[in-house]
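Participant: following is a predicted model, sequence given first.
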Amino acid sequence: MNQQPVSLTVRVHGPSGEKTPARLPLAAPVVTGAVSYTPPSRDRIAEVVEACETELNESSESPNGESPVGALLRAASMKLGMYWDGDNSNKTFFPHGLLVVVLTKDRIGSSLLSVSSETEGYCTPAECYRRIRGSGAPNELGEYARIFAVLLLCDRPLDIFKFFTFFNSESRINDEAFPFKLGKKGGSIRSKSWGAHTPDFRPGWTASGCESFATQQWRVFLPCFKDTEEPQNFPGDTIMPWHDYHVQASGSSTASTGSGMDAPGGGNSVVTRVFIHDGHWSFDGLNPVSDRTTACFYAHRSD
């Protein structure tokens with residue numbers, strides 16, 4: 001493992017869109033074996049998903065505003081500890097590995113049983129599965145997997161067909177279109193990457209339905225940290241793919257960490273020890289797979 005600190009400075013935005021000058025250098029620990037956290041393996045994720053599915057099937061309570069598969073996603077992420085903001089269930093996130101395990105052919109099919117006459121015949125079940133899961137390879141997701149996951153959370157899985165059909169010369173809606181923002185008029189959304197002359201996408205939802213989609217998207221649209229000299233700008237709603245993070249100190253020159261090491265602080269800074277979900281970081285000299293049991297980082301935020 002590389003013993004040199006790896007750092008990244010990012011700039012975040014407040015919820016209203018204004019820039020908040022926050023510095024978040026992420027530094028790798030210099031003591032190998034200083035931490036004990038290990039991200040969940042694929043087998044562990046599958047085990048948790050199966051247990052959560054059994055609990056949900058045996059529960060007499062119906063999902064609140066989510067499809068059954070959406071409720072399964074949320075329950076599994078909570079049990080796996082995939083929180084961005086403490087124990088806030090609204091801030092759990094769904095990394096690639098969890099979507100791969102949950103979005104099976106059977107679960108996708110069960111979510112699309114009530115296909116209307118308008119969509120029937122346009123997209124066969126096999127084609128729909130391919131668009132969501134790709135070829136079906138063990139670690140592959142299709143180009144609509146994350147959009148479908150958001151629709152599950154909003155209890156609108158059948159609306160995936162509306163996304164399939166939206167296409168013009170400048171844009172198409174798939175996972176590459178994230179993030180979306182609310183359109184200027186109610187009942188529409190648009191990708192932040194679309195050109196000014198691209199029409200808003202109007203899925204036939206109310207304004208609150210569009211707002212729900214725009215809010216839930218951050219649970220699947222997760223940043224990836226890597227070596228760069230340029231600041232990365234994140235909207236205020238961004239959910240960071242961090243496990244098991246702890247605030248170490250505020251307003252001190254150094255912060256004593258759980259591993260007995262000192263992390264930099266100072267002024268009004270807050271030093272946080274974080275574990276970034278493997279698959280969402282890539283730094284020179286560190287490998288998310290081989291170094292994941294020792295890859296603890298320190299986030300130093302100065303407002």
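Facilitator: Great, that's in hand.
Participant: pLDDT weak spots in the chain?
Facilitator: By pLDDT under 70, the low-scoring segments of the chain are 1-39, 62-64, 85-87, 114-122, 167-171, 227-232, 243-273, 284-296, 298-303.
Participant: swap the cut-off to 50 and go again
Facilitator: 1-9, 13-23, 29-35, 117-118, 169, 248-267, 303 (pLDDT under 50).
Participant: mind listing the helices in it by residue range?
Facilitator: 42-58, 68-79, 96-102, 105-111, 125-133, 145-153, 160-165, 207-216 (DSSP state H).
Participant: tell me which of those helices is the most buried.
Facilitator: helix 145-153 (a mean of 25; mean count of other CB atoms under 10 Å). C-beta coordinates here come from the backbone N, C-alpha and C atoms, glycine included.
Participant: for G186, find the nearest of the helices of the chain.
Facilitator: helix 207-216 (3.7 Å; CB to CB).
Participant: what inclination does that closest one have with respect to helix 145-153?
Facilitator: Helix 207-216 and helix 145-153 are oriented at 130 degrees to each other (axes from the mean of the first three to the mean of the last three CA atoms, to 10 degrees).
Participant: can you list contacts of helix 207-216?
Facilitator: 65, 150-151, 153-154, 156, 180-183, 186-189, 203, 205, 237 (CB atoms under 8 Å, 6 or more residues apart in numbering).
Participant: name only those of the residues you listed that count as buried.
Facilitator: Neighbour counting by 16 or more other CB atoms under 10 Å classes 150-151, 153-154, 156, 180, 182-183, 187-189, 203, 205 among those as buried.
Participant: from these, pick the one nearest E53.
Facilitator: Set against E53, the nearest of the buried ones among the contacts of helix 207-216 by CB to CB is L153 (16.3 Å).
Participant: surely the closest one is in contact with L72?
Facilitator: No. Using CB atoms under 8 Å, L153 is not in contact with L72, being 10.7 Å away.
Participant: how about the strands in this protein?
Facilitator: Per DSSP state E, the chain carries strands over the ranges 10-13, 19-20, 26-27, 180-182, 189-191, 225-226, 232-234, 242-250, 254-256, 262-264, 270-276, 281-282, 297-301.
Participant: ok, the fourth one: who's next to it in the sheet?
Facilitator: When pairs are called by DSSP bridges, strand 180-182 turns out to pair with strand 189-191 (antiparallel).
Participant: name the nearest residue to F221, ignoring sequence neighbours.
Facilitator: F178 (4.3 Å; CB to CB, 6 or more residues apart in numbering).
Participant: do the same with W281
Facilitator: F225 (4.4 Å).
Participant: follow-up on the earlier one: in CSV: the helices of the chain, plus distance to N139.
Facilitator: Converted to CSV, those look like this (distance: least, CB to CB, whole Å):
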stretch, distance to N139
helix 42-58, 9
helix 68-79, 18
helix 96-102, 6
helix 105-111, 16
helix 125-133, 11
helix 145-153, 12
helix 160-165, 22
helix 207-216, 24
